[in-house]
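S.K.: sequence and predicted structure are below.
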Amino acid sequence: MFRDFISLIFPNYCLACQTLLVKSERWLCTGCLVDLPQTNYHTEVNNPVAQKFYGRIPITYAMAMYKFRIGSSVQRLVHQLKYGNTPEIGEMLGNLYGEQLRSEEWDYKFDCIVPVPLHPQRLRERGYNQSDYFAKGMASVLAISWYSDCLKRTKNTVTQTHQNKMERLDNLMDAFYVVNSSIIQNKHVLLVDDVITTGSTLEACALSLLAAGTKQISIATIAVTD
Ligand SMILES: [Zn+2]
């Protein structure tokens, strides 16, 4: 009743098409939600996300829910998740992806989920790590554990334009370390993040996890840029 009352005063509009949302909808109307550009990369081994890691690190499965394009509904949704103080969007998307993977019998493939951490200062400013919520949403549907506190980030990595690719990766690798490594040792870890572009951050996280004894790494993100 309280929520009905609130929505009378503050009606919610679809982030994509601006139509008024009905009670069962949140952030996106049903039409826009089903229209989001799914990649279905989990059904394709040599997909564009997997290809980003070829010759870099061994990744068992690589997947992303949606294609990320500038000005698209996916961009608006990710922007709202990161800057709108609405971490629940991450959990909703994690639930959706988890349900899709579970229905296709992926639930037994991973031992646990680890989100890419934010730098502590960024975390303080934002109040939450959006990838934690995506991890939580997936983990609850797949009925596996997720750990937000085993991979830590030490420095705010500023990409230096004068650095070459190796120097940038060195810089990034120093940025992550594993604490409490016993929980990921000999495990198949699903590493998750919001948007994958070059894959350097995920690569640096994966290298830290592998160095700490993780047996296999797979990657899932909310979206992937072209
Ligand atoms: Zn809509």
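M.R.: Yep, that arrived.
S.K.: how about low-confidence regions in this structure?
M.R.: Along the chain, the model assigns pLDDT under 70 to residues 1-11, 155-163, 168-169, 173.
S.K.: and it, which of its residues are near the ion?
M.R.: Cys14, Ala16, Cys17, Cys29, Cys32 (C-beta under 5 Å from the ion). (C-beta placed from N, C-alpha, C; glycine too.)
S.K.: TSV please, covering those and showing distance to Arg69.
M.R.: Listed next are the residues of the chain next to the ion as TSV, based on distance: C-beta to C-beta, whole Å:
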residue	distance to Arg69
Cys14	18
Ala16	12
Cys17	16
Cys29	19
Cys32	14
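S.K.: possible to save the residues you listed as CSV with neighbour count and secondary structure?
M.R.: Output for the residues of the chain next to the ion, formatted as CSV (neighbours: other C-beta atoms under 10 Å; DSSP: H, G, I helix; E, B strand; the rest coil):
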residue, neighbour count, secondary structure
Cys14, 20, coil
Ala16, 20, coil
Cys17, 12, coil
Cys29, 21, coil
Cys32, 19, helix
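S.K.: just grab the bridge partners of Tyr13 for me.
M.R.: Beta-bridge partners for Tyr13, by DSSP bridges, are Leu20.
S.K.: counting neighbours, what do you get for it?
M.R.: By the criterion of other C-beta atoms under 10 Å, Tyr13 has 13 neighbours.
S.K.: show me the longest helix that occurs in the chain.
M.R.: For the chain, the longest helix by residue count, based on DSSP state H, is helix 88-103.
S.K.: follow-up on the earlier one: most widely separated two among the residues of the chain next to the ion?
M.R.: Farthest apart among the residues of the chain next to the ion by C-beta to C-beta are Ala16 and Cys29. That separation is 7.5 Å.
S.K.: now do the strands in this protein.
M.R.: Taking DSSP state E as the test, the strands found in the chain are 62-68, 112-115, 145-146, 151-153, 176-178, 188-196, 216-225.
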